[in-house]
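> Here is my input; please provide its structure:
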Amino acid sequence: MAKSTIVSAVLLLACTVVVSKPALAAVEPAPAYDVSLEACIKKMTQKCGLELFHNIFHDGPDVSDSCCSTLAEMGDPCHSEFVDVVLSNDKFYARTAEYLKRSSNAWKRCKSIVGGH
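As a prediction, this is how the structure comes out:
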C-alpha cells in the first residue's frame, strides 16, 4: 500500500471545498491503492469529511448530528483508517496523541447521538 497515495486521497476528501464529487471520482487511484479505504471514502460525503477533519485536526466545532449519522454508518474501522492515514503524514504526526483523543471523542459523541435516535 502506498501511504502517500492514501494520504493524498484522504486529504483530498477532507480538504477540498471547491471540487465537486464528480471531479473527485475522476481522480485515478494508484495501483497500490487500498480497496478498503476506497470503500470507506464512498461512504463519507465531502461535507461530513470536512467537518470531521476540522473537528479532529483543527480543533473545529463538533460534528453535526447529520454527519454523525454518516460517520456511524461508515463504521469505526473506516473512521480509524481515515485518522491513521492522516496521522501518517509528517504534518500531523507530532500531535498524534491529541488527535487520537479528539478522534475518540468525536466517535463516542456521534455514536451516542445516533444511538439516542
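
> Moving along the chain from the lowest-mean-pLDDT helix or strand in the chain, name the first helix or strand you hit.
Using mean pLDDT, DSSP states H and E, helix 21-25 stands out as the lowest-scoring helix or strand of the chain, at a mean of 40. Later in the chain than helix 21-25, the nearest helix or strand by DSSP states H and E is helix 35-43.

> can you pull the buried residues of that next one?
Using 16 or more other C-beta atoms under 10 Å as the test for burial, helix 35-43 gives Leu37, Cys40, Ile41. C-beta coordinates here come from the backbone N, C-alpha and C atoms, glycine included.

> Same check on stretch 54-64?
Under the neighbour-count criterion of 16+ other C-beta under 10 Å, stretch 54-64 has Asn55, Ile56, Phe57, Val63, Ser64 buried.

> from memory the last one sits against Leu50, does it?
No. Counting by C-beta atoms under 8 Å, no contact exists between Ser64 and Leu50, whose distance comes to 10.9 Å.

> tell me the mean pLDDT for the helix ranked longest in the chain?
For the chain, the helix with the greatest residue count under DSSP state H is helix 96-115. Mean per-residue pLDDT for helix 96-115: 94.
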